[in-house]
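[1] give the three-dimensional model of this entry:
(3 chains)
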Amino acid sequence: MNEAADQTHSLNCTQCGAGLDVLGGGRVKTHICSYCGAELDAQDDYKVIQQFRDMKRPDTPFDLGMTGQLWGVEFTIIGTMAWTEYYEDKRWTWVDHQVYSPTHGYGWLTVDKGYVTYTRKTREIPSPPFISNSTIEHNESRPLVKFQGETFQYFSSGTASPTFIEGEFNYRPSLDDSVRYVELMGSSRMLDIVQSGREREYEVTELPDQAALLSSFGVATNRRPRQKGTHPLENLVRSSLQLFTRNVALIGAAVAVVLGIGLSAKGEQIARSGQTAVSSEITLPFEVTDDTGLTEITIEANANNSWAWFETELTDAEDEPVAAFERGIEYYSGSDWKEGSRKARTRLTLPTGTYTLYLSMTEAKVDWTGGRLATNMSVTVRQGVAQVMWVFGAATFLGLIGFLFLGQRFLHHQSRWSGSDWSDD
Amino acid sequence: MITCESCGTSSVLRDQAFETAGSGGEMLDAPSLIRLGQSIVVRSLDLMPVGHARFSYGRGWWDEFWCIDGYGEGHWLSADEGDYALERDLSRDHWPKSFRPRLGAETEILGQSFTISEAETASSIAVRGEFPEELEVGEAHLYFDLSGENSAMATYEKWDGGEAWSIGQWVDPWDVTLS
Amino acid sequence: MIVRVVFVVLVLGLIGAATFMSINGVWGDSSAVISTRNGSPGGGYGIGGRGVK
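    Numbering: from 1, shown residues only, chains lettered A, B, ... in the order given. The predicted structure is shown next:
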């Protein structure tokens, strides 16, 4: 708490005489005059420590003295600092504002790429406590640290220097500072390892609700920053309708799969021949009593590394031919492979009635080493078999709708990490 | 010691009788997460603040709250512009030996190493409620804050006629909530 | 709300129609089958697909 501030709320710059508002608390160390750039020692009668010159005022939606809420706690903007980072021929700039709350202390609001984040110092130390440049350069995968039970992945690093400083700070900033940072990303917050001179500090950054923050601080609509890209901390927020659509589609897909599995088992055996030598013919009478669905005729033969060809004919109660089909069975196997099947399934639509099935083998051949011709054959008839393609098709369609949402999440993940300077090579 | 909340008079309990110890000073109202008689949760510890002392370092002040947990044990919770620390008195047997009070000096307490990170002279300007010790308004105290690994901290305090050690942890302000 | 109801109805309708078509074996005839019944539509042998008439 600042007793002096409670009483006066302002002071005159000891360098240029301009009136300056005192907005911070008793732990403010320096006050940089907004008019002449003199850095005054707040702990020692505002004596001039040094003079900053030719500072270009950055573009920011916040002014000193603005107050607003962060997660229900009131903060005041007490300082402004513009930063620049150079790497090769690229240049990045952002603006930090020191904020102060009598109950929650000192922190930062950072304006970068149109997003405003809240950063505060933490006294807890991650493990490992530091990531060196050589680790970043030589590691095969993104370096990780553990902090408060959460894993943070390397995001970016760099060295930045201030280009503009005004207002109050709880430390002594200087235009000559050079700060090296390593930024790591967790699930909903970032961890920065900040090294300045011999001092190493840890900071945690969160992304507050942007619209709520800007309106709480009274930022005029025309001063609101234009957001560029996706912020790394921006979570993919889905409307409840999107979530509902995704969930209904996925539940529908699951229901259809279960239905499909159930329907696959549908059907009832109505006739079965015994094992018959392939040299003779099978004559199997059967009666279709239920004409919903399909009648399934399964031919089975003990071919081994050989194939066999079968001819089938169906006649009705008057011995008139109804349908005919030819099917082959081929089965090959080795110690660790097999191909083909000893069964051939045929499905057809038959009205209710009595039928007779005639089955004979017409041709067979061994065309693989160690092969053996089929010696026995048999046939089974089932009725009421379902065509499950339809329900599995519906399941696939509904599942695809769900997967589109997953794809959206993947794209969002990609754009969150797009600002990272990590490359896998 | 007890300070009356309405008239600000301090009394000290001696031999089962209260003696008036003087005025509790003027406690200006200021935004605070912690209020006397309003229980709070700090790092999943339920605490009831029963005593409130304010110490001035000239430019500003900080608050110390004497809090009682669910087991009847006392803790000091200090609040200094968002820097919160929860400490317990360190019994004399554990006081570090050969301690030199100056900035940057290192010492070992209960097997943990600490470095003096801050030194300050402050005097209490107001007291309210109950305390385990006598606090005299206006009495100057010399404070040394020591920092250890992972939020560990300790405080060495020296005043005319006494000295004390306490040890504890820094607490994130967002971890202090009303229960 | 109406959008949600419509979507649920669509999903249920899709699953219902698929189940109905599955049970009735629509498009379920094996391509190898040829109808040999005289007087079936098209007459004589017709390539399977519409069942045996």
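
[2] how about the strands in chain B?
    Using DSSP state E, the strands of chain B run over B:2-3, B:9-14, B:17-23, B:40-42, B:45-56, B:61-69, B:74-80, B:83-89, B:106-109, B:112-130, B:140-147, B:152-159, B:162-171, B:176-178.

[3] format those strands as TSV; extra columns: mean pLDDT and mean neighbour count.
    From N, CA and C alone the C-beta is placed, and that goes for glycine too. As requested, the strands of chain B are arranged in TSV below (pLDDT from 0 to 100; neighbours: other CB atoms under 10 Å in any protein chain shown):
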stretch	mean pLDDT	mean neighbour count
strand B:2-3	72	23
strand B:9-14	64	16
strand B:17-23	61	13
strand B:40-42	95	18
strand B:45-56	95	21
strand B:61-69	95	22
strand B:74-80	95	21
strand B:83-89	95	20
strand B:106-109	92	16
strand B:112-130	91	18
strand B:140-147	92	18
strand B:152-159	93	19
strand B:162-171	93	18
strand B:176-178	91	13
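
[4] distance to residue A:307 added to these, as TSV?
    Shown next, in TSV, are those (distance: least, CB to CB, whole Å):
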stretch	distance to residue A:307
strand B:2-3	103
strand B:9-14	105
strand B:17-23	109
strand B:40-42	78
strand B:45-56	79
strand B:61-69	84
strand B:74-80	86
strand B:83-89	83
strand B:106-109	86
strand B:112-130	81
strand B:140-147	83
strand B:152-159	80
strand B:162-171	79
strand B:176-178	77
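
[5] quick check: which of those is nearest to chain C?
    Among those, strand B:176-178 comes nearest to chain C, with 37.1 Å by CB to the nearest CB.

[6] quick one, what contacts the closest residue to residue A:376 other than its chain neighbours?
    Nearest residue to residue A:376 in three dimensions, chain neighbours excluded: residue A:275, at 4.5 Å (CB to CB, 6 or more residues apart in numbering or on different chains). Contact partners of residue A:275, counting by CB atoms under 8 Å, 6 or more residues apart in numbering or on different chains, are A:376-378.

[7] can you rerun that using 10 Å?
    Residues in contact with residue A:275 (CB atoms under 10 Å, 6 or more residues apart in numbering or on different chains) are A:282, A:300-302, A:375-378.

[8] for residue B:90, same thing?
    Residue B:90 neighbours (CB under 10 Å, 6+ apart): B:96, B:109-110, B:154-156, B:164-168.

[9] same question for residue A:48.
    Contacts of residue A:48 by CB under 10 Å, 6+ apart are A:13-16, A:33, A:36, A:38-41.

[10] neighbour count, pLDDT and distance to chain C added to those, as a markdown table?
    Compiled in a markdown table, the contacts of residue A:48 are given as follows (neighbours: other CB atoms under 10 Å in any protein chain shown; pLDDT from 0 to 100; distance: CB to the nearest CB, whole Å):
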| residue | neighbour count | pLDDT | distance to chain C |
| --- | --- | --- | --- |
| A:13 | 20 | 95 | 61 |
| A:14 | 16 | 95 | 66 |
| A:15 | 17 | 94 | 65 |
| A:16 | 13 | 94 | 63 |
| A:33 | 24 | 96 | 58 |
| A:36 | 15 | 95 | 61 |
| A:38 | 21 | 96 | 62 |
| A:39 | 24 | 96 | 60 |
| A:40 | 22 | 96 | 61 |
| A:41 | 16 | 95 | 63 |
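
[11] of the contacts of residue B:90, closest to chain A?
    Of these, the one sitting nearest to chain A (CB to the nearest CB) turns out to be residue B:168, at 12.1 Å.

[12] for that closest one, give its distance to residue B:42.
    Noted for residue B:168: a distance of 10 Å to residue B:42, by CB to CB, to the nearest Å.

[13] what is in contact with these two at once?
    B:75, B:77, B:86.

[14] among those residues, which are within reach of chain C?
    With CB under 10 Å from any CB of the partner chain as the criterion, the shared contacts of residue B:168 and residue B:42 include none near chain C.

[15] now tabulate these in TSV and tack on distance to chain A.
    As requested, the shared contacts of residue B:168 and residue B:42 are arranged in TSV below (distance: CB to the nearest CB, whole Å):
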residue	distance to chain A
B:75	18
B:77	13
B:86	13
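
[16] could I get the full set of helices for chain C?
    For chain C, the helices defined by DSSP state H cover C:2-23.
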